[in-house]
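Peer 1: Could you work out the structure for the sequence below:
(chains A and B)
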Amino acid sequence: MPRLAASTGCDGRRNALRRIGWGSAVLAGSLAGCGRSKSGPEGPLDFWAMGREAEVVVDLLAAFRARHPTVQVRVQQLPFSAAHEKLLTAFAGDALPDLCQLGNTWLPEFSALGALEPLDERMAAAGIPRGDYFAGILDTNVMPAAGGGGHLLGVPWYVDTRLLFYRTDLLRAAGHARPPQTWSEWHAAMQDIRRRGGARSYGALLPLNEPDPLFALSLQEGSVLAEDDTRGAFSQPPFRRALDFYAGIFRDGLAPRMTNTQVSNVWDEFARGLFTFYVSGPWNIGEFRRRLPAERQGDWATAPLPGPDGPGVSTAGGSSLVIFKSSRRKEAAWRLISFLSEPETMQRFHALTGDLPPRRSAWRAPALANDPPSQAFAQQLERVRAAPKIPEWERIFQEMQLTAERVVQGQQSSEAACRQLDTWVDALLEKRRWLRSRQA
Amino acid sequence: MTKRGAAAWILAGPALLVIAVFFALPVVAGLALSLTDFDLYALADLSTLRFVGLHNYAHLLHTPLFWQALGNTLYFVVVGVPVSIGLSLGAALLLHSRFARWQSFFRTSLFAPVVTTAVAVAVIWRYLLHTRYGLVNQGLEAIGLAPVDWLGDPHWSMPAIIAFAAWKNFGYNMIILLAALQAVPRELYEAARMDGAGALRRFTDVTMPMLVPTFVLVGILTVSGYFQLFAEPYVMTQGGPLRSTFSMLYLMYEEGFRWWNLGNASAVAFLLFLVIFCVSWVMLRFDRDAPGRR
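Peer 2: Numbers count the residues shown, from 1 in each chain, chains lettered A, B, ... in the order given. Below is the predicted model:
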C-alpha cells in the first residue's frame, strides 16, 4: 500500500500552520517549545526517553562519552502518560528532538506524518545483522513504502510481549504436570483448578480493561482488519473465534469479571491463590520477585501463550529508537543508536531495568540464558506478530476491549457487538479509504 | 460628530485590534476548523483536508462517549456549584460576623487555595485521599467507618473531584460575597430588628434578597468555570476509573491532542460553548425575574 504523504516534510507542515489559523493548537504548540532555537549540527544531541528507561540510560551514556568525546547528549525524560501528546505537539511546532524512544505502536503514526528518518542504509553500513533481531519485533519497525517493499524507521531497543504467568503448585494439584499449550488444554486446566479450589479460586485473571490478552488470542487466529487495513473484520470468523474463547472463560466462571482497578493488589491475590494464570509482560518478572512473599517464590513460572492448536503467537510490543527527519545531527544520533544496540549495552540495560533485549545474541548473557522465567519469553519472542500498522490502531485497540467488555458482562451478544465494532471501525477508517481511492 | 467618531475609533482601535486578533480570529478559525476533518493526515499533507459540513457535530451526537462526558460534566456542575457557592457563603458570613477575630488572616488563608497551582495542590490531595495511607481514610477509620477508595472507585471518584474543586475555588466567590455583605445598608437590619425579626428572619428576608444580583454574577462565573472541568481529573484520575471523571474538556483534549482530530475537538468546543451559553442565558433570565428587580 502506498504510504500516505510520507514525502511531505516540515515545509508542508509549516504551510499548514500558516494557512490555517487554528488558535489554541498553535498556542499549545508554541508553549511546547516552538520558540526554542535549534542548535546547529555541532550542538548537543537531544534525546527524549520515557519513564524508567530515561533515568537508566544516563548511566549507560558514560561508556558512550568515552568512545565519542565530541558528542554531547542531552536526555530529557518524558512521563509515559504525556509522551504521545508532547511528541505530536512537538511535531506540529517543529520542535522535535534528534532522536527519541518511541513505543512501536506509535511508529505508524509518525510514519504517516513523514517525521521519521529511514534507517535501512545506516543499519547495513554499521554491519548490524538484521537477522539477529526477533523477526516479529523488527517487523513492527518496517513501514510499507510508496513503491512497494518497506523502510526500516526504527531500531528495536527493548521488547515486550504477553504470555502466561502461573502458579505451578496449583496447576499440579489440579492434575496437570505441564503448562497448557492449546486453548482446549488451557480451558480444561482452568476448569480443574476451579473444581478443586472452590468459589475463591479462579482459573485466570484477565482484567477487563486490558486489551492485550484478547488481542494476542485474536492475532493467533488471523487479521482483525480487511481490505488493506481500511475496514474492520471483527465480525469475521478469526476474531469471533478468539472472542468466543475469551468470553467463554468468563461465561464458565473461570475468570472474575474484574478490571485491574478492582483487584486491589494483583501480587497479593496471586500469592493467595485467587487465580492461577495471569497473562502479562516482562516487567512482571521483576515485580513477582519483589512482591511475592518468600515462601511463594518457588511456586510460580512463565510459559508461552497457548494457541488454538499448539503454542500460539503473541503481541509484538516494546520501544524503538528513532531519528527524526528534522534532525541536523543524524550522524551523531545514529552513533548513539548503534551504541545502544550493541549486545553488551543491551545486557547492561537489561541488568539495570529488566527490559528484555531484542537481539538474540544479547540473550547469551547468563542473566538471561540461565533464567527460566525469561526463557519462556525467549521462546515467545520467536512467535510474535505485529499489530496493524495504521495510526488509528491504538484507538481501535481500546474500542475492541470496550466491545469485549460488553460481551463479557452480558450486555450484548457477541455477534451484535462485533457488527457494531465493525461499523465503528469502518467509520473511523473512512479517511484511509478516501486517501487510497485518491491515490489509485 | 464625524471628528468625535474618528477620535473614538482611534482610542478604541488598539483594544479592538487586540480583541480581533486574539479572540475573534481564533474563534472564527475554530468554527471553520470544526467544519473540516483536520486530522493526522491533514497535519502531514494539507491537501487531504476536507470540508465536511456539520458531520463532526452529527458524529459527536451519536457518540456514547460524548454523552457520558456531558453527563459527568453536568454531575460536576449540578453538585459542585451549589456546594462551592454554599461554602463561599458560609465562609463569607463567618468572616462578616461581628464576633470574627483575625479577619484579615482568615480572609487571606481561605483565599490561598485559589492562587495556588491546581497541579501542585492535586498532588497533596492525592496523598490525603490515598486508600491506605491517606488522612481522609484514617479519619474515617477513627470514627469506625470503612475506608473508601476515593480515586479508584467509579462511584467515589467524582465526589472526590468535587470536594477538591470546591475547596480550591470557594475562596474567590467568598471575597465577592463578603464585599456584597458589607454593602448591605445597616439601616435595613436595624429596621428589621425594630419590626421584631430574629437573626434567621433577618438573614432570609434582608441578607438573601440583597445578595441576589451578586449570586447571579457568582453563579454564572462559577457555572461557566465548572463546565470547563479539566485540570482536576487530568491530574488526579486521568479521566478514570471507568471514565467516571471524563469531562467535556477532557474529551476535547483527547480528540485534539491524543488522537489529533482537531476538527472533532473544535466541534466539542463549540457544543460546550452552546451548553454554557444556554445555561448562562437561563440564569440571566432568572436574575431579571428575581423579586429584588421588580
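Peer 1: what's around residue A:370, how many residues?
Peer 2: 9 (other Cβ atoms under 10 Å in any protein chain shown). Where you see a C-beta, it was placed from the backbone N, CA and C, and this is true even at glycine.
Peer 1: How much space separates it from residue A:170?
Peer 2: Noted for residue A:370: a distance of 26 Å to residue A:170, by Cβ to Cβ, to the nearest Å.
Peer 1: repeat for residue A:351
Peer 2: Taken as Cβ to Cβ, the span from residue A:351 to residue A:170 is 32 Å.
Peer 1: how about the helices in the stretch 51-200 of chain B?
Peer 2: Secondary structure of the stretch 51-200 of chain B by DSSP state H, counting those that start in this stretch: the helices cover B:55-61, B:64-96, B:103-115, B:118-128, B:135-142, B:154-183, B:186-194, B:199-202.
Peer 1: In CSV, list those along with mean pLDDT, distance to chain A and mean neighbour count.
Peer 2: Putting the helices of the stretch 51-200 of chain B into CSV (pLDDT from 0 to 100; distance: least, Cβ to the nearest Cβ, whole Å; neighbours: other Cβ atoms under 10 Å in any protein chain shown) gives the following:
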stretch, mean pLDDT, distance to chain A, mean neighbour count
helix B:55-61, 94, 8, 17
helix B:64-96, 95, 9, 18
helix B:103-115, 91, 21, 13
helix B:118-128, 88, 12, 15
helix B:135-142, 90, 13, 13
helix B:154-183, 93, 8, 20
helix B:186-194, 92, 47, 12
helix B:199-202, 90, 46, 11
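Peer 1: Out of the ones you listed, flag the one nearest residue A:278.
Peer 2: If you check each of those against residue A:278 by Cβ to Cβ, helix B:154-183 wins as the nearest, at 23.4 Å.
Peer 1: how far out from the middle of the chain is the closest one?
Peer 2: Relative to the centre of its chain, helix B:154-183 is centred 10 Å away, using Cα atoms, centre = their mean, to the nearest Å.
Peer 1: Packing partners of it?
Peer 2: helix B:64-96, helix B:103-115, helix B:118-128, helix B:208-227, helix B:231-236 (3 or more Cβ pairs under 8 Å, 6 or more residues apart in numbering or on different chains; DSSP states H and E).
Peer 1: If you compare the directions of it and helix B:135-142, what angle comes out?
Peer 2: Orientation note: helix B:154-183 sits at an angle of 100 degrees relative to helix B:135-142 (axes from the mean of the first three to the mean of the last three Cα atoms, to 10 degrees).
Peer 1: Could I get the contacting residues of residue 236?
Peer 2: Here I'm looking at chain A. Residues in contact with residue A:236, defined by Cβ atoms under 8 Å, 6 or more residues apart in numbering or on different chains, are A:222, A:226.
Peer 1: my bad, the chain I had in mind was chain B
Peer 2: Residue B:236 makes contacts with B:122, B:125, B:126, B:151, B:160, B:161, B:164, B:245, as judged by Cβ under 8 Å, 6+ apart.
Peer 1: about what we covered before: between residue A:351 and residue A:170, which one's more packed in?
Peer 2: residue A:170 (22 against 13).
Peer 1: Identify the spatial nearest neighbour of that one, chain neighbours not counted.
Peer 2: residue A:276 (4.6 Å; Cβ to Cβ, 6 or more residues apart in numbering or on different chains).
Peer 1: burial of whatever residue of chain B ends up closest to chain A, as a residue count?
Peer 2: Using Cβ to the nearest Cβ, residue B:26 is the residue of chain B that sits closest to chain A, at 2.8 Å. Residues contacting residue B:26 under the criterion other Cβ under 10 Å number 18.
Peer 1: shaky segments in chain A?
Peer 2: Applying pLDDT under 70 to chain A flags the ranges A:1-40, A:261-262, A:264.
Peer 1: which residues does the residue positioned nearest the centre of it contact?
Peer 2: Central residue of chain A (Cα atoms, centre = their mean): residue A:317, 2.6 Å from the mean position. Residues near residue A:317 by Cβ under 8 Å, 6+ apart: A:103, A:104, A:105, A:159, A:160, A:161, A:162, A:212, A:281.
Peer 1: Run through the bridge partners of it.
Peer 2: Beta-bridge partners for residue A:317, by DSSP bridges, are residue A:160.
Peer 1: Which of the helices of the stretch 51-200 of chain B sits closest to residue A:205?
Peer 2: helix B:154-183 (19.6 Å).
Peer 1: what sits up against stretch B:119-131?
Peer 2: Here stretch B:119-131 makes contact (Cβ under 8 Å, 6+ apart) with A:264, B:113, B:133-137, B:147-152, B:160, B:164, B:168, B:231-232, B:235-236.
Peer 1: Pick the one among the contacts of residue A:317 closest to residue A:436.
Peer 2: So of the contacts of residue A:317, ranked by how close each gets to residue A:436 (Cβ to Cβ), first place is residue A:105, at 21.8 Å.
Peer 1: How about the secondary structure of the closest one?
Peer 2: The local conformation at residue A:105, judged by DSSP: H, G, I helix; E, B strand; the rest coil, is coil.
Peer 1: Could you do residue A:267 as well?
Peer 2: Classification of residue A:267 by three-state DSSP places it in helix.
Peer 1: neighbours around the residue nearest to it when sequence neighbours are not counted, how many?
Peer 2: Excluding its sequence neighbours, the residue lying closest to residue A:267 (Cβ to Cβ, 6+ apart) is residue A:291, at 3.9 Å. Applying other Cβ under 10 Å, we find 15 residues neighbouring residue A:291.
Peer 1: Next: the one 4 residues further on.
Peer 2: When neighbours are defined as other Cβ under 10 Å, residue A:295 has 8 of them.
Peer 1: and if you look at residue A:207?
Peer 2: 22.
Peer 1: where's it, which helix or strand?
Peer 2: Using DSSP states H and E, residue A:207 falls within no helix or strand.
Peer 1: Need phi/psi at it.
Peer 2: With angles defined as degrees, to the nearest 10, residue A:207 sits at phi -50, psi 130.
Peer 1: That one against residue A:263, yeah?
Peer 2: Yes - counting by Cβ atoms under 8 Å, residue A:263 is a contact partner of residue A:207 at 6.8 Å.
Peer 1: for the stretch 151-300 of chain A, what spans make up the helices?
Peer 2: Assigned by DSSP H, counting those that start in this stretch, the helices in the stretch 151-300 of chain A fall at A:168-173, A:183-197, A:212-221, A:237-251, A:266-272, A:283-291.
Peer 1: Ok, which of the helices of the stretch 51-200 of chain B comes nearest residue A:381?
Peer 2: The nearest among the helices of the stretch 51-200 of chain B, by Cβ to Cβ, is helix B:64-96 at 35.6 Å.
Peer 1: Could you check the angle that closest one makes with helix B:154-183?
Peer 2: 40 degrees.
Peer 1: elements contacting helix B:64-96?
Peer 2: Helix B:64-96 sits against helix B:103-115, helix B:154-183, helix B:208-227, helix B:248-253, with contacts defined as 3+ Cβ pairs under 8 Å, 6+ apart.
Peer 1: How far does it sit from its chain's centre?
Peer 2: Centre-to-centre, helix B:64-96 and its host chain are 8 Å apart (Cα atoms, centre = their mean).
Peer 1: before we move on, what about stretch B:37-51?
Peer 2: 34 Å.
Peer 1: Pull out the buried positions in that stretch.
Peer 2: Under the neighbour-count criterion of 16 or more other Cβ atoms under 10 Å in any protein chain shown, stretch B:37-51 has B:37-46, B:48-50 buried.
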